[in-house]
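**Student:** Quick one: sequence plus predicted model below, questions after.
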Amino acid sequence: MNVGFEKEVGSKPHSIIPYKARTTREVRQAVAAVGIERKARSVWALRVDGLVAIARPPPKIISKKHKKVMKLDILVFAAHPDDAELSCAGTIYSHVLQGKKVGIVDFTLGELGTRGTPEIRAKEAAASAEILKLSVRENLQFRDGFFKNDETHQLEVVKAIRKYEPSVILANAITDRHPDHGRAAALVTEACFLSGLKQVKTYDGDEKQLPWRPKAVYHYIQSNYIKPDFIVDVSDAWETKLASIRAFKSQFFDPDSKEPETYISSPAFMEFITARAKEFGHSIGARYGEGFTIERNIGVKNLFNLL
Ligand SMILES: [Zn+2]
């Protein structure tokens, strides 16, 4: 038997030798040659000339070249296209300006919206993505108003987390005027935990995904006031944030629109967005700010990293 396995076993007789096969084919050859003693999961126990050796087939390694991962620094999840723009576009663009890669994954097409259509909103989302210089934007097409925080939806979110391997995740407000927001927040928090578990198996096409847990999940603040745990200075990104919101022409104030007026389409709504950002900004000595909450405590090693 001219296989590596036999050679290794033969070099140390009378002992059980953990044998790391070089290839799966080599393990198969050895198994065929000497007969299988036991096969359980990925461990093979082989009998060779009265000795028993353990052989582990090499783990299937997905090479970096073939791995379908587009590494992002920040991944933003949003229940509806425009949630991210309204709540954290300033934070997104500030980090893009600092050289970070940022992407948005929207959960729904916002098909329950009073104004516009899913097709129009998809085009508007793409236009906003260009303005914010996002690395990627995709839509999971969950049902607006009715998606659930259940296994099916959690696994879809896990897939997105593993696909982009972000360090930081931004998610909807933990509770808000729109019930989808709080549900989306809980869904993301649970998916982030599950994504780190090896036994939760997901596939991107036919390729098995690797477990991934982001360093932090921060919840942006949207309609209802929530006292933030920290505020990001977004003064340098403010005009770009407004441009990204205006990209959703069907949703927000447009003097030429003939569609029915809604809570968010009145001029007063844009004034509120600005007022909220000025208030948050003022409290940290900046012109404009965006607030976030975190479910654990915040820690720093260097006090000078805080504003
Ligand atoms: Zn929303």
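**Tutor:** Perfect, thanks for sending it.
**Student:** wait, what's in contact with the residue of the stretch 201-307 of the chain found nearest the ion?
**Tutor:** Relative to the ion, the nearest point of the stretch 201-307 of the chain is residue 222 (6.9 Å; CB to the ion). In this view, the C-beta of every residue, glycine as well, is placed from N, C-alpha and C. Listed by CB atoms under 8 Å, 6 or more residues apart in numbering, the contact set of residue 222 reads 83, 86, 87, 172, 173, 176, 177, 178, 181.
**Student:** which stretch of helix or strand covers it?
**Tutor:** According to DSSP states H and E, residue 222 maps onto no helix or strand at all.
**Student:** could you dump the contacts of residue 222 to a markdown table with secondary structure, distance to residue 249 and neighbour count?
**Tutor:** Compiled in a markdown table, these are given as follows (DSSP: H, G, I helix; E, B strand; the rest coil; distance: CB to CB, whole Å; neighbours: other CB atoms under 10 Å):
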| residue | secondary structure | distance to residue 249 | neighbour count |
| --- | --- | --- | --- |
| 83 | helix | 17 | 28 |
| 86 | helix | 15 | 25 |
| 87 | helix | 19 | 28 |
| 172 | coil | 23 | 30 |
| 173 | coil | 25 | 24 |
| 176 | coil | 24 | 23 |
| 177 | coil | 22 | 11 |
| 178 | coil | 21 | 19 |
| 181 | helix | 23 | 24 |
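**Student:** Export these to CSV and append columns for distance to residue 74 and pLDDT.
**Tutor:** Output for those, formatted as CSV (distance: CB to CB, whole Å; pLDDT from 0 to 100):
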residue, distance to residue 74, pLDDT
83, 15, 97
86, 17, 96
87, 14, 98
172, 15, 98
173, 17, 98
176, 21, 97
177, 25, 95
178, 23, 96
181, 19, 98
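**Student:** just those residues that are near the ion?
**Tutor:** The residues of the contacts of residue 222 that also fall near the ion, by CB under 5 Å from the ion, are 83, 178.
**Student:** Of the contacts of residue 222, just say which sits nearest to residue 73.
**Tutor:** residue 87 (18.3 Å; CB to CB).
**Student:** List the contacts of the closest residue to residue 228 other than its chain neighbours.
**Tutor:** Counting by CB to CB, 6 or more residues apart in numbering, residue 291 is the residue found nearest to residue 228 once chain neighbours are left out, at 2.9 Å. Applying CB under 8 Å, 6+ apart to residue 291 gives the contacts 220, 221, 226, 228, 230, 231, 232, 280.
**Student:** which of those residues sit farthest apart?
**Tutor:** Maximum distance among these (CB to CB): 14.8 Å, for 226 and 232.
**Student:** higher neighbour count, these two?
**Tutor:** residue 232 (24 against 17; other CB atoms under 10 Å).
**Student:** Can I take it that the more buried one is in a helix?
**Tutor:** No. Residue 232: not assigned to a helix; according to DSSP: H, G, I helix; E, B strand; the rest coil it is strand.
**Student:** Report pLDDT for the closest residue to the ion within the stretch 51-200 of the chain.
**Tutor:** Nearest residue of the stretch 51-200 of the chain to the ion, counting by CB to the ion: residue 80, 3.6 Å away. We have a pLDDT of 95 for residue 80.
**Student:** Alright, I will stop here.
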